[in-house]
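Participant: Take this sequence and fold it.
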Amino acid sequence: GCSTPVVWDGRIYLTGPQEGKDAASAYDWSGKHLWTTTFGQETVGKHRNGSGSNPSPVTDGKRLFVYFKSGGLAALDLDGKVLWQTNLQERFGKVSLYWDLGNSPVLTRRNVVVAVMHGGASYLVAFDQATGGQVWKTERQYQTPVENDHGYTTPQVISRDGREILVTWGAEHLTGHDAADGKLLWECAGFNPDGKKNWVAVASAVISGDLAVVPYGRGSHLAGIRLTGGAGDVTTTHRVWTREGGAFVPTPAVRDGRVYLVGDRGAVECFEAATGQTLWKGEFPRSSASYYSSPTVAGDLLYAVREDGVLQVGRFSETGFAPISENPLGERIIATPVTVDGHLLLRGESHLFMAKAGGPGAGVAVLP
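Facilitator: Presented below is the predicted three-dimensional model:
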């Protein structure tokens, strides 16, 4: 599997196939296996860096929600008991993506929501977290050049004036939907004025304050879109800035009004979310391997993992960046590094890796 693990109350949850079936598993903080629950038949990945378990699980501390390339969506309690399950492709039709599913489910106050963006009928759908009953389903269909309606991105859930809004990037549109009923509130277009083909959306949009930062153009462009004060078509009114540069696959990291980019080949950049202005640039050591994992920021450190399993660590300041270590872990890694309580959790193709921060007892533990 390629999904990034989630951590809750000292437990690690992840998805991955077991004997040809979709599965979710839990481990305690020492690496002890607690349980594995299997579902239906796995739909295997097509890409060398893909799998049937690309979407990451999500939890609210009471339930764990998992989603698979097969279309399977399920809720479990934190001891692995299935509370409900359904299959989106059996209910709503096959997904026609060129590559493997990439979007993860997200939680609103009451629902779990999945965005399905592909060459067929695209939609957002919400299910009640407790019962699995369908609450709403909203069409999200746009005509685009070839492949540009294929989306591998995960929506963001924001709250504005007491209303939850799903901010979704894909099919050359950034949209805001009311999370309670799925109603379209606003949409922003203009991300492909020249009608380029194959500008598929892989990196997700990220939120900083009142702006969404949108990577587009296969890593060639970024835009800052204002999220409030608009309704309907906000294409001409809510674009705050547009700039060149970005990342095609890794989703940017955001903290304290700054955006941290790691490009597909290791270029690093930090810029102000409000203006798009570059603060500094850097680079991890060059390699023939690319970055599919998204970067993680902790303290003054930037973590990024190459597809060949080399964990790169760099240190940044107000004005610059420098690589400080390369850590080969010996197997392919696509999942994003997770930082918890001074530890770094990494999910590889065959193992979990737990690294402790510098100091007494520092090092890496490996779990088969």
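Participant: Would you map the strands across the stretch 51-200 of the chain?
Facilitator: Assigned strands in the stretch 51-200 of the chain, in chain order: 58-59, 63-67, 72-77, 82-87, 106-107, 111-116, 123-128, 134-139, 156-160, 163-170, 173-178, 184-188 (criterion: DSSP state E, counting those that start in this stretch).
Participant: Tell me the helices and strands packed up against the longest one.
Facilitator: The criterion is 3 or more Cβ pairs under 8 Å, 6 or more residues apart in numbering; DSSP states H and E, and the helices and strands that strand 163-170 contacts are strand 111-116, strand 156-160, strand 173-178, strand 211-216. C-beta: built from backbone N, CA, C; applies to glycine.
Participant: Residues in contact with that strand: which ones?
Facilitator: 106, 108-109, 113, 115, 117, 122, 124, 140, 149-151, 153, 155-159, 174-180, 185, 201, 204-205, 207, 212, 214, 227 (Cβ atoms under 8 Å, 6 or more residues apart in numbering).
Participant: try 7 Å this time
Facilitator: 108-109, 113, 115, 117, 124, 151, 153, 155-158, 174-180, 185, 201, 204-205, 207, 212, 214, 227 (Cβ atoms under 7 Å, 6 or more residues apart in numbering).
Participant: And for stretch 56-64?
Facilitator: 3-4, 6, 8, 13-15, 24, 65-66, 75-78, 83, 104-107, 129.
Participant: Quick check on those residues: which are buried?
Facilitator: The neighbour-count criterion (16 or more other Cβ atoms under 10 Å) marks 3-4, 6, 8, 13-15, 24, 65-66, 75-76, 78, 83, 104-107, 129 among the contacts of stretch 56-64 as buried.
Participant: For the protein, give me the ranges with low pLDDT.
Facilitator: 357-368 (pLDDT under 70).
Participant: Can you tell me the centre-most residue of it?
Facilitator: Geometric centre of the chain, nearest residue: T154, 5.3 Å, by Cα atoms, centre = their mean.
Participant: I'd guessed that residue sits against S204; true?
Facilitator: Yes. With contact defined as Cβ atoms under 7 Å, T154 reaches S204; the gap is 5.0 Å.
Participant: give me the number of residues near the residue nearest to T153 when sequence neighbours are not counted?
Facilitator: Spatial nearest neighbour of T153, chain neighbours left out: S204 (4.1 Å); criterion: Cβ to Cβ, 6 or more residues apart in numbering. Using other Cβ atoms under 10 Å, S204 is surrounded by 27 other residues.
Participant: residue contacts, S204?
Facilitator: 153-154, 169, 251.
Participant: for these, which one is nearest G219?
Facilitator: Closest approach between those and G219, by Cβ to Cβ: T251, at 11.8 Å.
Participant: What helix or strand is the closest one located in?
Facilitator: Assigned by DSSP states H and E, T251 falls within no helix or strand.
Participant: That one and A203 touch, don't they?
Facilitator: Yes. Checked against Cβ under 7 Å, the pair T251 and A203 is within contact range at 4.7 Å.
Participant: Which one's more surrounded, those two?
Facilitator: Neighbours of T251 and A203, each counted by other Cβ under 10 Å, are more numerous for A203; the result is 26 against 21.
Participant: do you know how far the more buried one is from P17?
Facilitator: 25 Å (Cβ to Cβ, to the nearest Å).
Participant: returning to what we had before: most packed of the helices and strands packed on strand 163-170?
Facilitator: Across the helices and strands packed on strand 163-170, averaging neighbours per residue (mean count of other Cβ atoms under 10 Å) puts strand 211-216 on top, at a mean of 26.
Participant: roughly how far is that one from the heart of the chain?
Facilitator: 14 Å (Cα atoms, centre = their mean, to the nearest Å).
Participant: again, but for stretch 157-177
Facilitator: For stretch 157-177, the distance to the chain centre is 15 Å (Cα atoms, centre = their mean).
Participant: for the residue nearest to the centre of the chain, phi and psi?
Facilitator: The phi and psi values for T154, taken as degrees, to the nearest 10, are phi -110, psi 130.
Participant: Please list all residues in contact with the closest residue to L329 other than its chain neighbours.
Facilitator: With Cβ to Cβ, 6+ apart as the criterion, L329 has its nearest non-adjacent residue at 4.5 Å, and that residue is G309. Each residue near G309 by Cβ under 7 Å, 6+ apart is listed here: 328-333, 348.
Participant: Apply 8 Å and report the result again.
Facilitator: For G309, the contacting residues are 328-333, 348-349, by Cβ under 8 Å, 6+ apart.
Participant: Give the buried subset of those as a ChimeraX selection command.
Facilitator: The command below creates a ChimeraX selection of those among those that count as buried (16+ other Cβ under 10 Å):
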select :329,332,333,348,349
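Participant: Quick one: mark the members of the contacts of G309 that sit in strands.
Facilitator: Among these, the members found in strands (DSSP state E) are P328.
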